[in-house]
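*Asks:* dropping a prediction and its sequence here:
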Amino acid sequence: MLYFAHRGASARQVQNTVPAFSLARQLGASCYELDVHLTQDGALVVHHDYSLKTTAGADVLLKNLTLAQLHDYPLMNRFDGQTVYVPELKDVLPVVEPGLQLLNIELKNDDNVYPGLEKRLLDELHADAPQMLPKILFSSFDYDTLARIRQLDKNARIGLLTRSFDVSKALDLQAESVHMNYTRFVPTVAQECRQNGLKVYLYTVNEVPLARTLQQQGADGIFTDCVDLFV
């Protein structure tokens, strides 16, 4: 069973920030999940939503901001009052690299809102962190995004994020895993995935008894905000 620190130790630090990933590592995490976007000037940044509305109280889209402008929007911090901002991917990678087992990078690119995101991401990883590539799993809800990843890199590790399970889509992408909300998961999904050599990773699970039940039903891993409960 794998336990992914979902956006870092996001129950104890501001999600998708350097302190969140640093704390997750301190707590014993070796698997992580994060989300990537592109700024207006082409910087890869780590954030979940397309806008800063829920994280910084500003109804602005990341794609309309430069990297420098992101520093005009400190993220709301209910934990320790530390001033934190949306980080660049290149600032997060060194934090999670020590002892890394698997890093799930979710590309937030529905409807190709960030043209060229896939190439930009692969180029940066090949240039700045080639040693990490074998331990990186690319995922997205957007099938076309993953198809472009596969076209660009035949060796890329792919996980299909889905709200409606269809094993054929995962197989078409030569994916290694299927990711879904645990509330949509049933044991027959795990059975079909196993028959086709696929892993099943479920989000977001923050209770130990629930995780045990899901494992018994065939889940291979979970994404959790509370990684310290599991590692």
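*Replies:* Yep, it's here. Numbering: from 1, shown residues only.
*Asks:* what's the neighbour count on Gly57?
*Replies:* Using other CB atoms under 10 Å as the criterion, Gly57 is surrounded by 11 other residues. All C-beta atoms are positioned from the backbone trio N, CA, C, and that covers glycine.
*Asks:* wait, doesn't it sit right on Met76?
*Replies:* Yes: in this structure, Gly57 sits in contact with Met76. The criterion is CB atoms under 8 Å, and the distance is 6.4 Å.
*Asks:* for the chain, which segments count as strands?
*Replies:* Counting by DSSP state E, residue ranges of the strands within the chain are 2-6, 31-38, 44-46, 51-52, 58-61, 102-107, 136-140, 157-161, 177-181, 199-203, 221-224.
*Asks:* now do the contacts for His47.
*Replies:* Counting by CB atoms under 8 Å, 6 or more residues apart in numbering, His47 touches Asn16, Asp35, His37, Thr55, Leu62, Val86.
*Asks:* burial count for the fifth one?
*Replies:* It stands for Leu62. Other residues lying near Leu62 total 23 when counted by other CB under 10 Å.
*Asks:* with the first one instead?
*Replies:* In terms of burial, Asn16 registers 26 neighbours under the definition other CB under 10 Å.
*Asks:* give me the phi and psi angles of it.
*Replies:* Here the main-chain torsion angles of Asn16 (degrees, to the nearest 10) amount to phi 60, psi 30.
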